[in-house]
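Peer 1: My questions concern the predicted model and sequence given below.
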Amino acid sequence: MSTTEFDEFSTDYSSRLDQCVKVSGQDADYFAAVKAEVLLAEMAHYGIDPTTATVLDFGCGTGSNSAHIHDQVQCLIGTDVSGESLPPAKANAPTASFVHTGDVQLPLKEKSVDVVLISCVLHHIPLDIRTAAMKEVNRVISDRGFVLVVEHNPWNPATRWIVNRCEFDDDAILLTTKTASTLLRSADFASPRQRYILFIPGTGKAITRFNNALHWLPMGAQYSMSAKPNR
Ligand SMILES: C[S@@+](CC[C@H](N)C(=O)[O-])C[C@H]1O[C@@H](n2cnc3c(N)ncnc32)[C@H](O)[C@@H]1O
C-alpha cells in the first residue's frame, strides 16, 4: 500500500474503522476520545497548559482525533500525506488547520510546535524512511515540547486479530515498544516514557482507573510513548 492509499478511505474511514473494532464493543470515536485523553494527560505530565499549546496531529487522516482536541488547545495543525482525507478532517475539527505533506518534509518552522501526536501512523510509514520522518518531527518541536506516539501493541492477541482483518492495515508493520523506543532514540529523542493503554475498552471511572493502574503491563491493546527532543 502506498502512503497515499488512505485517499481511498477518505469518505468512509470512520465507518470502516467501526467495522474493524466492533468486536471490542466500542466504535472508532471511542478510541479517538481515548487518544485525546492520553494527549491531555501527557501534556499535564510535561507541565504544558493546553490553552497555550500548539499541537500537530501528524498523520491526522480524516480528523478523528483532531475532532476531540481542536477546541482544547490554542492551535491545532493536522498534516497527512493523504490530501483527500483533509476536507473531512476540516469538517470534523473546524478550528484546526490542515496541510497536505509529502512522506517526510513538514512545511513548518523549526521549534514551532509544542506537541506532536502520532497516532497509529508509524506502522504505515515504510521502514526506510521512519527515522528521517521522526527527525523531521524532532526539528519542529519547541524546547518545552514533546512527541507522543500511540501505536498498536503487537503482543496483544486481540490487537493482532483486529489488525489482520482491517483493510487499512494490509501494509502495517507493527512496532514493539522496543522498536518504537529505538526509533525515537535514532531520531535524537531522549529516553521515552511508555504506558500501555486500553486493557478494557469502556467508559466510566472504574474502567478508567483500572486501565490507568495497569499502564506498566505489556498487554494493553495499544501503548503510548512520549519523549522530548535531545537539545
Ligand atoms: C490508520 S490512519 C490513522 C489516522 C489517525 N491518526 C488516527 O489515529 O485515527 C494512518 C494515517 O497516516 C497517514 N500517513 C501515512 N504515512 C504518513 C507520513 N509519512 N506522513 C504523514 N501521514 C502519513 C495516512 O495517510 C493515514 O491518514
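Peer 2: Looks like it arrived, so ask away. Quick caveat: nothing in here was measured; it's all calculated off a predicted structure. Numbers count the residues shown, from 1 in each chain.
Peer 1: which secondary structure elements does the top helix by length along the chain contact?
Peer 2: Ordering each helix of the chain by length in residues (DSSP state H) puts helix 28-45 first. Secondary-structure packing of helix 28-45 (3 or more CB pairs under 8 Å, 6 or more residues apart in numbering; DSSP states H and E): helix 13-21, helix 66-69, strand 113-119, strand 141-152, strand 193-197, strand 222-227. (C-beta placed from N, C-alpha, C; glycine too.)
Peer 1: how about these, which one is nearest the ligand?
Peer 2: When the helices and strands packed on helix 28-45 are compared by CB to the nearest ligand atom, strand 113-119 sits nearest the ligand, at 3.4 Å.
Peer 1: Figure out the helix or strand that the residue located most distally from the centre of the chain lives in.
Peer 2: Centroid-distance maximum for the chain: residue 206 at 24.8 Å, with CA atoms, centre = their mean. In the assignment (DSSP states H and E), residue 206 maps to helix 205-213.
Peer 1: What strand or helix carries the spatially closest residue to residue 229 that is not a sequence neighbour?
Peer 2: Closest residue to residue 229 apart from its sequence neighbours, by CB to CB, 6 or more residues apart in numbering: residue 138 at 4.8 Å. Assignment of secondary structure by DSSP H and E places residue 138 within helix 127-140.
Peer 1: what about that helix and the ligand, touching?
Peer 2: Yes: using CB under 6 Å from any ligand atom, helix 127-140 reaches the ligand at residue 133.
Peer 1: residues of that helix that come out buried?
Peer 2: Buried positions in helix 127-140, judged by neighbour count with 16 or more other CB atoms under 10 Å: 130-131, 133-134, 136-140.
Peer 1: mind saving the C-alpha coords of that helix as PDB?
Peer 2: The C-alpha coordinates for helix 127-140 follow below in PDB (Å, rounded to 0.1, in the frame of the first residue of the first chain):
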ATOM      1  CA  LEU A 127      10.900   1.200   7.300                       C
ATOM      2  CA  ASP A 128      13.500   3.000   5.200                       C
ATOM      3  CA  ILE A 129      12.100   6.500   5.900                       C
ATOM      4  CA  ARG A 130      10.800   6.100   9.500                       C
ATOM      5  CA  THR A 131      14.000   7.600  11.100                       C
ATOM      6  CA  ALA A 132      14.000  10.500   8.600                       C
ATOM      7  CA  ALA A 133      10.300  11.200   9.300                       C
ATOM      8  CA  MET A 134      10.900  11.200  13.100                       C
ATOM      9  CA  LYS A 135      14.000  13.500  12.700                       C
ATOM     10  CA  GLU A 136      11.800  15.900  10.800                       C
ATOM     11  CA  VAL A 137       9.200  15.800  13.700                       C
ATOM     12  CA  ASN A 138      12.000  16.400  16.100                       C
ATOM     13  CA  ARG A 139      13.000  19.600  14.200                       C
ATOM     14  CA  VAL A 140       9.600  21.200  14.600                       C
END
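Peer 1: Which strands or helices does it pack on?
Peer 2: strand 113-119, strand 141-152, helix 177-186.
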